[in-house]
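S.K.: dropping a prediction and its sequence here:
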Amino acid sequence: MNTLKNVDKSEVILSVKNLVKDFPLGQSVKSNMMRAVNDVSFDLRKGEALAIVGESGSGKSTGARILTRIYDKTAGDIEFKGEPLSDYIEKYGELEYARQVQMIFQDPFGSLNPVHTIYHHIARPLLIHKRAEKEAIPNLVYELLEMVGLTPVKETAEKYPHELSGGQRQRVAIARAIAVSPEVILADEPISMLDVSVRLGILNLMADLKDKHGISFMYITHDIATARYFAEKTAVMYVGHMVEWGNSDNVTQNPQHPYSQLLLSAVPEVGKSGKRDMNVKKGDIPSWKPSSVGCPFASRCMKADKLCTQSIPEPTQIAEEHFARCHHL
Ligand SMILES: Nc1ncnc2c1ncn2[C@@H]1O[C@H](COP(=O)(O)OP(=O)(O)OP(=O)(O)O)[C@@H](O)[C@H]1O
Ligand SMILES: [Mg+2]
């Protein structure tokens, strides 16, 4: 893999505008729909990480699955390298797009096949995507294992997934993803199932791939603290909506949306203990429908008034790279 010395970080690789995804609530054609993703827009730039942060059910994985074409979108526009995604795929094919946009999952064991060696897992994408002549594959596999810190490489290559630790398995999943020189990695909670002691190592490995090789990351997480550590940009999602987004420092150090403030107040701090003031109502998390109106956080928000239950707030710009959707800004 080439090291990119002069990565142009202004180049937008993936652009998502007003993305919407509805799912039927039942099996029949006439079922009501639920809206899992509503009006989501962002740009992912070359060599940059965008963290998507939010609690369970906020639509994070659905967004990633639309980008990898596991799900169709209901509405909205996706551009890849400056072209509408459908045009790009028509020109270069599904396989080429799949090569460029790789996914890493939460459970590194589930994503590896127990009957195959580590060598097989990494050689396979190289063969499928015709990345090298057959004779060159072993050395490429060893190079990739070295890159992700799995040494001694030959010994590791001969092992089966169950012979590795969780952190090592996630390194294999990363080696497999970068084997095909992707432009983008969509990492869906890549460290949440790992032992706390190995999480930082995986984040640092991804940071290296981003900074040295210009790979762009969409980093999906529940944990706003790791978002701040790893990603230049952060978007906070609540019930399918992006409620606050921008530069990670701005979003995490000066959160404006009551939901972002809640997420940050829940981050444990060394030396502080006891019950924290969560400043939130005990309202239910709403199930959003295409016909729903208002701010999705209104039922739990201390500031909510009549307007908040009637219309979705437009984005308010707080700083050059900082936006939030709240009627009380
Ligand atoms: N295939 C599907 N069919 C119907 N509903 C779905 C489907 N996939 C997701 N949903 C619904 O869409 C909503 C968003 O789900 P999603 O998996 O994107 O959330 P998430 O933010 O990734 O949550 P988690 O943090 O738990 O992984 C949820 O209410 C979920 O039940
Ligand atoms: Mg998910």
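M.R.: Everything's here; your move. Only a predicted model underlies this, so the values are computations on that prediction, with no experimental measurement involved. Numbers count the residues shown, from 1 in each chain. Ligands and ions are numbered 1, 2, ... in the order given.
S.K.: so what touches the lengthiest helix in the chain?
M.R.: Using DSSP state H, we find that the single longest helix of the chain is helix 196-213. With CB atoms under 8 Å, 6 or more residues apart in numbering as the contact definition, helix 196-213 has outside contacts at 1-4, 47-49, 148-149, 165-167, 170-171, 174, 178, 185, 187, 190-191, 194, 215-217, 219, 226, 229-230. Heads up, the C-betas are built off the backbone N, CA and C, glycines and all.
S.K.: those residues in strands, which ones?
M.R.: The strands, defined by DSSP state E, take in 49, 185, 187, 216-217, 219 from those.
S.K.: among the contacts of helix 196-213, name the buried ones.
M.R.: 1, 47-49, 148-149, 166-167, 170-171, 174, 178, 185, 187, 190-191, 194, 215-217, 219, 226, 229-230 (16 or more other CB atoms under 10 Å).
S.K.: I'd like the distance between the most far-flung residue of the chain relative to its centre and ligand 1.
M.R.: Here the centre of the chain is the reference, and by CA atoms, centre = their mean the most remote residue is residue 135, at 35.1 Å. To ligand 1, residue 135 is 42 Å away according to CB to the nearest ligand atom, to the nearest Å.
S.K.: hang on, that residue is in a helix, isn't it?
M.R.: Yes - counting by DSSP: H, G, I helix; E, B strand; the rest coil, residue 135 is found in a helix.
S.K.: which residues touch it?
M.R.: By CB under 8 Å, 6+ apart, no residues touch residue 135.
S.K.: before we move on, what about residue 67?
M.R.: 14, 16, 78, 101, 184, 186, 218.
S.K.: rerun at 7 Å
M.R.: By CB atoms under 7 Å, 6 or more residues apart in numbering, the contact set of residue 67 is 14, 78, 101, 186.
S.K.: about what we covered before: the longest helix of the chain: how far from the chain's middle?
M.R.: Centroid displacement of helix 196-213 relative to its chain, using CA atoms, centre = their mean, to the nearest Å, is 15 Å.
S.K.: show me the strands in the protein, by range?
M.R.: For the chain, the strands defined by DSSP E cover 12-24, 33-45, 49-53, 75-80, 83-84, 101-104, 184-188, 216-221, 233-238, 241-247, 316-319, 322-324.
S.K.: count the neighbours of the one residue in the stretch 101-250 of the chain that gets nearest to ligand 1 for me.
M.R.: The stretch 101-250 of the chain approaches ligand 1 most closely through residue 222 (6.0 Å), counting by CB to the nearest ligand atom. If you count neighbours by other CB atoms under 10 Å, residue 222 ends up with 16.
S.K.: got it, and residue 159?
M.R.: Neighbourhood size, residue 159 [other CB under 10 Å]: 15.
S.K.: per-residue confidence at it?
M.R.: Residue 159 carries a pLDDT score of 97 in this model.
S.K.: for ligand 1, what are the nearby residues on the stretch 1-150 of the chain?
M.R.: 23, 36, 54, 56-62 (CB under 6 Å from any ligand atom).
S.K.: what subset of those is buried?
M.R.: Neighbour-count burial (16+ other CB under 10 Å) applied to those gives 36, 54, 57-62.
S.K.: taking those residues one by one, which sit in helices?
M.R.: Using DSSP H, the members of those that fall within helices are 60-62.
S.K.: any chance of these in JSON lines with pLDDT as columns?
M.R.: Below are those laid out as JSON lines (pLDDT from 0 to 100):
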{"residue": "60", "pLDDT": "96"}
{"residue": "61", "pLDDT": "95"}
{"residue": "62", "pLDDT": "97"}
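S.K.: turn those residues into JSON lines, including distance to residue 256.
M.R.: Output for these, formatted as JSON lines (distance: CB to CB, whole Å):
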{"residue": "60", "distance to residue 256": "21"}
{"residue": "61", "distance to residue 256": "26"}
{"residue": "62", "distance to residue 256": "25"}
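S.K.: out of those residues, the closest to residue 305 would be?
M.R.: Lowest distance from residue 305 to these (CB to CB) belongs to residue 60, with 28.7 Å.
S.K.: pairing partners for residue 37 in the sheet, please.
M.R.: residue 21 (DSSP bridges).
S.K.: was I right about residue 173 contacting residue 111?
M.R.: Yes - assessed by CB atoms under 7 Å, residue 173 is found in contact with residue 111 at 5.6 Å.
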